[in-house]
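Novice: A structural model of the following input is requested.
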Amino acid sequence: MKAKSVSLISTLANLILAITKLVVGSIIGSLALTADGVHSGLDVFSSLITFWGIRLREKPADEKHPYGFWRAESLAGFLVTIFLIISAFWIIYESIGRFFGQKPIHLSFWALIVIAASFIFAELLARLKFFYGRKYKSIALVADAEHSRADALSSLAVLIGVVLSSYFEIADALVALGVGIYILYQAFEIGKEVTDSLLDVANKDVEKRIRKICQAHNLRISDLKTRKIGSYNLAEIKIKLPPDLKIKEAQEYLDTLEERLLKNIPELKQIIISLESYEELNKNIILPWFGKKIGEKEEFEKIGPPKQGKRFIVPLEKDEKNIAACLGSQKYFLIDRKQGKTILKQVIENPYFKKEAPYGTRFAKAIRADKVFTKQIGENARKSLENWGLDTELIPQEMDLENLLKKIEEES
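Specialist: Numbering: from 1, shown residues only. The predicted model follows:
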């Protein structure tokens, strides 16, 4: 089940709960149950906002939003927190007013059944959202799960308050006050996590895993910074390498490390890596994407068939029928176009390919490509290709090879 589906199920469930609690609370005259119904009603809005945030975060980056829409999820969580605070203050205000004008509660068997059922239903809903929120690293869905957990606990409190009101008149108002204070507490707890995300707080767990992977590759880190944006994380890493290392070798280190980090840390969405020498720690090695050395240009060996016109390449899966998920691949589809005609179509093996280091950028340079189409590419790899004069274009995840070939033929 996808995060969006969970959010839609939550919206419908909360709508049913809210209507039921408000109707029954009005019939029996329970402020605690009515307050709990308002809480569930606000859950409907929070679930809708969560759905909006999750849906928007999945949009691909564009020219206006080069870093994507990940922060939309944090914004959704912030709006959910505002709704929680408003509902908490309203419930507290009404409960205090009830102390000075207590009305009798008409308790019935069916009212108790409704309250007990709402507690069980809200708790199951909270567990569902917690499971998928943690699975997909969704801060908005986890925040909404906290909202549902608060709803479940407040329903339990209402059940106790309604039963005790037969013996203690202000029990209902006291429980309603307790529910309001609890919701306010939950709002500040959720708000703290959301604020951390909006303020780009560091993720120490991700940093620990980055250091572990670098240590496994015998790479020394001189500086490491991370920041959370919604459910994703960005990292800036400085690696120490020997001063006599060639640019080509440094690039290979970079490609390998980037592939490993993105593969083993799913919530890590983007990495910026810079290199420095052991001896000159204050002087960065000049990598290809920062600028070329004056009077020098490293040449890659030429592979593949002679180039005929403008050359395009697309990474393929092993079956040679589907486009690979990222740039580094064992096989590529090669197309040469000249004067609006396709001169050459061919599947080419990547001679540099290794599981631990696919060397997609190296292949693209050696095959003398003019443009690379890929579904995913690391920032370092993209800048490296750009520095070598190669264009890159991100294509939608759902695009297949046939439609991409049609697109190339129409545009070239």
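Novice: Counting neighbours, what do you get for T81?
Specialist: When neighbours are counted by other Cβ atoms under 10 Å, T81 registers 24. (Glycine included, C-beta is placed from N, CA and C.)
Novice: Verify the stated contact: it with Q186.
Specialist: No - no contact is recorded between T81 and Q186 when judged using Cβ atoms under 8 Å, the distance being 9.1 Å.
Novice: any chance you could map the strands in the stretch 101-250 of the chain?
Specialist: Assigned strands in the stretch 101-250 of the chain, in chain order: 220-229, 232-241 (criterion: DSSP state E, counting those that start in this stretch).
Novice: taking the ones you listed together, which one is wrapped up most tightly?
Specialist: Across the strands of the stretch 101-250 of the chain, averaging neighbours per residue (mean count of other Cβ atoms under 10 Å) puts strand 232-241 on top, at a mean of 20.
Novice: end to end, how far does stretch 326-337 reach?
Specialist: From its first residue to its last, stretch 326-337 covers 23 Å (Cα to Cα, to the nearest Å).
Novice: hmm, I was thinking of stretch 365-380
Specialist: Taking Cα to Cα, the first and last residues of stretch 365-380 lie 15 Å apart.
Novice: Buried by neighbour count: which residues of it qualify?
Specialist: Neighbour counts using 16 or more other Cβ atoms under 10 Å place 365-375, 377-378, 380 of stretch 365-380 among the buried residues.
Novice: centre of the chain versus it, how much separation?
Specialist: Taking Cα atoms, centre = their mean, to the nearest Å, one finds the center of stretch 365-380 at 24 Å from the center of the full chain.
Novice: Repeat that for stretch 184-199.
Specialist: A distance of 18 Å separates the centroid of the chain from that of stretch 184-199, by Cα atoms, centre = their mean.
Novice: And the contacts of it?
Specialist: Residues from elsewhere that reach stretch 184-199 (Cβ atoms under 8 Å, 6 or more residues apart in numbering): 71, 73-75, 77-78, 80-81, 84-85, 88-89, 92, 139, 143, 146-147, 149-150, 228-230.
Novice: hmm, 7 Å instead?
Specialist: Contact partners of stretch 184-199, identified using Cβ atoms under 7 Å, 6 or more residues apart in numbering, comprise 74, 77-78, 80-81, 84-85, 88, 139, 143, 146, 150, 228-230.
Novice: Stretch 383-398 too?
Specialist: Applying Cβ under 7 Å, 6+ apart, the external contacts of stretch 383-398 come out as 60, 251, 288-289, 361, 364-365, 369-375, 377, 382, 404.
Novice: can you tell me which of those are in strands?
Specialist: Under the assignment DSSP state E, the contacts of stretch 383-398 contribute K371, V372, F373, T374 to strands.
Novice: What about S5, how many residues nearby?
Specialist: Residues near S5, counting by other Cβ under 10 Å: 12.
Novice: ignore the last one, I28
Specialist: Under the neighbour criterion other Cβ under 10 Å, I28 is assigned a count of 22.
Novice: Also W388?
Specialist: 17.
Novice: Then the one 10 residues further on?
Specialist: Per other Cβ under 10 Å, the neighbour tally for E398 reads 7.
Novice: Phi first, then psi, for it.
Specialist: Note on E398: backbone dihedrals following degrees, to the nearest 10 are phi -80, psi -10.
Novice: Please report how far it lies from P60.
Specialist: From E398 over to P60 the distance is 11 Å, taken as Cβ to Cβ, to the nearest Å.
Novice: Secondary structure of I272: a strand, I assume?
Specialist: Yes - with the criterion set as DSSP: H, G, I helix; E, B strand; the rest coil, the secondary structure at I272 is a strand.
Novice: right, and it touches E236 too?
Specialist: Yes - contact between I272 and E236 holds when scored by Cβ atoms under 7 Å: they sit 4.8 Å apart.
Novice: Tell me who's in contact with the closest residue to A369 other than its chain neighbours.
Specialist: Nearest residue to A369 in three dimensions, chain neighbours excluded: I313, at 4.6 Å (Cβ to Cβ, 6 or more residues apart in numbering). Counting by Cβ under 7 Å, 6+ apart, I313 makes contact with Y332, F333, L334, A364, I367, A369, V372.
Novice: partners of I313 in the sheet?
Specialist: According to DSSP bridges, the partner residues bridging I313 are L334, V372.
Novice: What separation do you get for it and K225?
Specialist: From I313 to K225 the distance is 34 Å (Cβ to Cβ).
Novice: And Y359, by the same measure?
Specialist: When distance is defined by Cβ to Cβ, Y359 is 27 Å away from K225.
Novice: what about Q215, how many neighbours?
Specialist: 11.
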